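Q: after the sequence you'll find the predicted model.
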Amino acid sequence: MAAVSPPPPPLLLGLSGLSNSGKTTLSRLLRRVFPDSFILHQDDFFVAESDLPVVDGDVDYDCIESIDFVGLKKALGYVGEHGELPGDLVSREDQNCVGESGVGDEVVEECVRRVEAAGMGGGRVRLAVVDGFLLFHDEEVLGRLDLGMFLRAPYDKAKQRREARTGYVTIEGFWEDPPGYFDKIVWPNYVKAHKHLFIDGDVSGTLDPEGMKAKNIVSPPEVDMHMSKILPWAVDVILDAVKRKEA
Ligand SMILES: Nc1ncnc2c1ncn2[C@@H]1O[C@H](COP(=O)(O)OP(=O)(O)OP(=O)(O)O)[C@@H](O)[C@H]1O
Ligand SMILES: [Mg+2]
């Protein structure tokens, strides 16, 4: 009987950015383009609600202290070593509905053809996508990734999308943002953890190209790009990264 060859080691892709910039949507689309890929969701590593910091009466789900980074790094280490998710990790985040991706099947199919045309089809490329809103402030996390991808969205658009959402599945049940949560909690935490990626710390301004390069992070060329354009861009970037890794 012919020996079954083991699956290729996955490319560890960190997908980060502002809330509602499309991280989970893009992660799921990439899983369709690159078969046998899988997603490690940072949202599965929230500490219990009773341990979350409280800011003027509101629990803070968006600060660094809200995440069990020890557990997340252990899971990342496992993925790096074994090329698969830890067997005991049950994902709540996969139950979260992110709504319609707004990306037609034809865009996904075109991406699949692009992968095949590059000679990388048939499962040759597997991704381990780390979907997380807080990854790029942490050198140890960055050091474990093959590539970082940073999604942006204009403040107004991200706020509007977040406020249109019904809520999030949590350890305790279901979380719905109280009024004003985006401005009070989400946006200030985003600024604090990401200003180091931008020139003069201005998160509504220009990304610092040298800093991004040094950290091995790429970002779509425009702040407000539709997901049907982000997906093919991401596929090309991934194919390049795989070629570089294999060279
Ligand atoms: N670039 C985009 N183009 C079109 N739609 C988008 C884009 N980014 C996000 N969306 C839409 O916004 C909604 C939220 O996206 P998604 O849940 O993927 O964001 P997220 O970054 O994972 O957010 P969170 O940090 O809160 O988990 C989805 O309905 C998604 O289709
Ligand atoms: Mg998400």
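A: Looks like it came in fine. Numbers count the residues shown, from 1 in each chain. Ligands and ions are numbered 1, 2, ... in the order given.

Q: only C-alpha atoms from now on, for both contacts and neighbour counts.
A: Noted.

Q: how about residues contacting stretch 225-236?
A: 22, 26, 29-30, 101-104, 107-108, 111, 115, 153, 220 (Cα atoms under 8 Å, 6 or more residues apart in numbering).

Q: can you do 7 Å?
A: 26, 103, 107, 111, 220 (Cα atoms under 7 Å, 6 or more residues apart in numbering).

Q: pull out the buried residues from it.
A: 225, 227-228, 230-232, 234-235 (16 or more other Cα atoms under 10 Å).

Q: including pLDDT, could those residues go into a markdown table?
A: Listed next are those as a markdown table, based on pLDDT from 0 to 100:
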| residue | pLDDT |
| --- | --- |
| Met225 | 97 |
| Met227 | 97 |
| Ser228 | 98 |
| Ile230 | 98 |
| Leu231 | 98 |
| Pro232 | 98 |
| Ala234 | 98 |
| Val235 | 98 |
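
Q: give me the subset of these that also touch ligand 1.
A: 225, 227 (Cα under 6 Å from any ligand atom).

Q: could you export the buried residues of stretch 225-236 as JSON lines, including secondary structure?
A: Shown next, in JSON lines, are those (DSSP: H, G, I helix; E, B strand; the rest coil):
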{"residue": "Met225", "secondary structure": "coil"}
{"residue": "Met227", "secondary structure": "helix"}
{"residue": "Ser228", "secondary structure": "helix"}
{"residue": "Ile230", "secondary structure": "helix"}
{"residue": "Leu231", "secondary structure": "helix"}
{"residue": "Pro232", "secondary structure": "helix"}
{"residue": "Ala234", "secondary structure": "helix"}
{"residue": "Val235", "secondary structure": "helix"}
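
Q: what's the closest of the buried residues of stretch 225-236 to Leu40?
A: Ala234 (17.8 Å; Cα to Cα).

Q: any idea how far that closest one is from ligand 1?
A: As judged by Cα to the nearest ligand atom, to the nearest Å, Ala234 and ligand 1 stand 12 Å apart.

Q: same check on Ser37?
A: When Ser37 is compared with ligand 1 (using Cα to the nearest ligand atom), they lie 17 Å apart.

Q: circling back: ok, the buried residues of stretch 225-236 vs Leu76, which is closest?
A: Using Cα to Cα, the buried residues of stretch 225-236 come closest to Leu76 at Ala234, 21.4 Å.

Q: from Val103, how far out is that closest one?
A: 14 Å (Cα to Cα, to the nearest Å).

Q: what do you get for Asp177?
A: In terms of Cα to Cα, Asp177 sits 27 Å off from Val103.

Q: the helix or strand of the chain with the lowest mean pLDDT packs against which elements?
A: Using mean pLDDT, DSSP states H and E, the weakest-scoring helix or strand in the chain turns out to be strand 168-169, at a mean of 83. Applying 3 or more Cα pairs under 7 Å, 6 or more residues apart in numbering; DSSP states H and E, we find strand 168-169 packed against strand 174-175.

Q: wait, does the strand it packs on contact ligand 1?
A: No. Strand 174-175 does not reach ligand 1 (Cα under 6 Å from any ligand atom); its nearest approach is 11.5 Å.

Q: gap between that strand and the chain center?
A: Distance of strand 174-175 from the chain centroid (Cα atoms, centre = their mean, to the nearest Å) equals 21 Å.

Q: and that strand, what's its mean pLDDT?
A: Averaged over strand 174-175, pLDDT sits at 88.

Q: close to ligand 1, is the lengthiest strand in the chain?
A: The residue-count maximum for a strand in the chain (DSSP state E) belongs to strand 11-17. No. Judged by Cα under 6 Å from any ligand atom, strand 11-17 and ligand 1 are separated, with a smallest distance of 6.5 Å.

Q: beyond that strand, next helix or strand please.
A: helix 23-33 (DSSP states H and E).

Q: which secondary structure elements does that next one contact?
A: helix 105-117, strand 127-131.
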